[in-house]
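Asks: attaching a predicted model along with its sequence, questions to come.
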Amino acid sequence: MFYDQATIEVRSGNGGNGCVSFRREKYIPDGGPDGGHGGRGGDVFLRADKSKNTLQDFRYKRHFFAKDGQGGMGNLRTGASADDMIVKVPVGTLVFDEEDGVLLADLKEDGDEIVVAKGGRGGRGNASFKNSVRQAPKFASAGTTGVERTLRLELRLLADVALLGYPNAGKSTLLSVISAAKPKIADYPFTTIQPVLGVVQRDESSIIVADVPGIIENASEGAGMGLDFLRHAERSRLLLHVIDTSGLYGVDPFEAFHTINNEIKSYKKSMAEKEQWVVLNKIDVADEEIVEILKSEIEEEGFRVFTVSAVTHQGVNELVNALLSEVPQLPAPKLEEEAAIPVYRPKEAYPFTISTKRGYVAVEGAFIRELMLSTNFSDTESTRRFQRLIVQSGIEAALLEAGVEDGETVLLDGSYFEFFAGSSDDDDLYL
């Protein structure tokens with residue numbers, strides 16, 4: 001099965017924590033702070049790779065987590081930064097943020113890449129907190145938390161020509177004749193249920209033709225396999241509209257032609273403006289007069305028309321010559337999403353959540369985690385800093401709004417504390 005959509009979870013690594021350390025050597029009993037910084041957490045990259053053809057791998061593996069940075073060490077040694085995680089995707093993959101639907105990247109070329117989750121910064125060692133007033137800081141800062149997000153990947157085929165037409169119009173047969181592709185061919189609708197690429201080559205010239213699921217009425221609203229087709233056809237230079245002129249399946253050729261073009265217009269304006277040629281197929285079993293009427297009426301609407309029989313190869317040479325000589329000169333398509341204005345959202349200064357866990361009001365999130373790891377509760381100065389940030393971040397106000405009263409137990413990042421509000425300005429602890 002061809003997978004052209006996938007949802008994955010990515011998470012960058014946390015930064016390593018800063019180190020609390022003091023220089024202790026022979027004859028130097030009070031050497032001062034020498035705690036080093038933590039290492040950077042690993043980034044998560046998505047990289048286009050021409051060796052990948054589908055998104056099928058993401059059916060089995062959907063979580064991609066980079067490693068955390070190493071903690072700082074004494075003697076001013078910085079922890080090692082974690083390796084970045086590279087996730088390989090096929091060329092032609094669109095990357096969307098699942099939460100708000102914003103297009104993050106269009107990986108069109110081999111080697112194109114994007115950082116989808118930036119690794120956390122390493123925490124500062126206690127040596128960096130030393131100043132003229134504070135000579136021996138007994139605390140360090142924690143590394144910042146990595147980014148976690150859900151991404152939607154869409155693969156749109158990068159073909160020069162996209163075959164469109166009603167099911168059983170003969171698209172797969174035509175592709176098998178003009179290229180070396182071996183699509184599944186049978187006498188029932190929706191034989192093609194996954195895209196097939198064929199290379200049409202003659203001498204030094206070549207183009208790629210895609211045979212993708214056929215479309216029917218209301219395809220732009222998801223009927224049949226229409227959306228699958230339309231999504232792939234967006235990236236082609238030319239739409240090759242194949243029409244069954246035989247009438248053997250009870251479908252009026254002229255009506256089918258207009259139905260599909262109406263669906264294209266309903267899907268996207270840019271699709272309707274794309275160059276389109278029409279191929280009247282199965283002329284070996286069609287009424288010659290009907291074929292001529294069809295050709296005349298469609299040409300009057302401004303379309304270029306070819307008459308062929310994919311089975312007997314009649315007219316195929318003329319079609320192939322036109323494709324190879326003219327398609328490479330057509331402009332490369334541009335997706336409408338590429339012109340979208342990026343959406344920038346302000347980052348929360350103190351991200352945290354209030355919930356109930358194990359029967360207690362609990363505070364969780366990146367900010368409280370980092371604050372807890374940065375605090376040395378046996379050191380008065382570090383604890384006072386903790387108290388100030390609890391008030392400054394709005395956690396105290398949020399706990400009061402949640403109905404927490406003095407003396408009640410709360411959970412801060414999984415640790416138990418007794419809550420006392422409004423005493424952060426004096427020497428007493430309120431947590």
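Replies: It's in.
Asks: off-centre distance for the top helix by length along the chain?
Replies: Assignment by DSSP state H gives helix 253-267 as the longest helix of the chain. Counting by CA atoms, centre = their mean, to the nearest Å, helix 253-267 is centred 31 Å from the centre of its parent chain.
Asks: now do the buried residues in that helix.
Replies: Under the neighbour-count criterion of 16 or more other CB atoms under 10 Å, helix 253-267 has Pro253, Ala256, Phe257, Thr259, Ile260, Asn261, Glu263, Ile264, Tyr267 buried. Just so you know, the C-beta spots here come from the backbone N, C-alpha and C atoms, and that holds for glycine as well.
Asks: tell me if I'm right that the second one and Tyr166 touch.
Replies: Yes: with contact taken as CB atoms under 8 Å, Ala256 and Tyr166 are classed as touching, separated by 4.8 Å.
Asks: overlap in contacts, these two.
Replies: Listed contacts common to Ala256 and Tyr166 are Ile243, Asp244; contacts here mean CB atoms under 8 Å, 6 or more residues apart in numbering.
Asks: re earlier: which helices and strands sit right next to the longest helix of the chain?
Replies: On a contact count with 3 or more CB pairs under 8 Å, 6 or more residues apart in numbering; DSSP states H and E, helix 253-267 meets helix 226-233, strand 238-244, helix 269-272, strand 276-281, helix 288-300.
Asks: reformat the ones you listed as JSON lines; add distance to Lys171 and mean pLDDT.
Replies: Converted to JSON lines, those look like this (distance: least, CB to CB, whole Å; pLDDT from 0 to 100):
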{"stretch": "helix 226-233", "distance to Lys171": "10", "mean pLDDT": "63"}
{"stretch": "strand 238-244", "distance to Lys171": "5", "mean pLDDT": "92"}
{"stretch": "helix 269-272", "distance to Lys171": "17", "mean pLDDT": "80"}
{"stretch": "strand 276-281", "distance to Lys171": "8", "mean pLDDT": "95"}
{"stretch": "helix 288-300", "distance to Lys171": "17", "mean pLDDT": "93"}
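Asks: ok, which of these comes nearest Leu371?
Replies: Among the helices and strands packed on helix 253-267, helix 226-233 comes nearest to Leu371, with 45.3 Å by CB to CB.
Asks: Glu288 - how many residues pack around it?
Replies: Residues contacting Glu288 under the criterion other CB atoms under 10 Å number 10.
Asks: state the distance from it to Glu300.
Replies: From Glu288 across to Glu300, the span is 19 Å (CB to CB, to the nearest Å).
Asks: Phe420 touches Thr409, doesn't it?
Replies: No: Phe420 lies out of contact with Thr409 (CB under 8 Å); the separation is 11.5 Å.
Asks: if we can go back for a sec, output the buried residues of helix 253-267 in JSON lines, with pLDDT and distance to Val89 appended to each entry.
Replies: Output for these, formatted as JSON lines (pLDDT from 0 to 100; distance: CB to CB, whole Å):
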{"residue": "Pro253", "pLDDT": "88", "distance to Val89": "40"}
{"residue": "Ala256", "pLDDT": "85", "distance to Val89": "36"}
{"residue": "Phe257", "pLDDT": "89", "distance to Val89": "36"}
{"residue": "Thr259", "pLDDT": "87", "distance to Val89": "35"}
{"residue": "Ile260", "pLDDT": "86", "distance to Val89": "31"}
{"residue": "Asn261", "pLDDT": "88", "distance to Val89": "33"}
{"residue": "Glu263", "pLDDT": "81", "distance to Val89": "29"}
{"residue": "Ile264", "pLDDT": "83", "distance to Val89": "27"}
{"residue": "Tyr267", "pLDDT": "79", "distance to Val89": "24"}
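Asks: ok, those vs Arg152, which is closest?
Replies: Nearest member of the buried residues of helix 253-267 to Arg152, counting by CB to CB, is Tyr267, at 18.9 Å.
Asks: sorry, back to before: so for Phe420 and Thr409, which residue has more residues nearby?
Replies: The neighbour count for Phe420 versus Thr409, taken as other CB under 10 Å, is higher for Phe420 (16 against 12).
Asks: can you classify the more buried one by secondary structure?
Replies: coil (DSSP: H, G, I helix; E, B strand; the rest coil).
Asks: please apply the same query to Phe45.
Replies: Applying three-state DSSP: Phe45 is strand.
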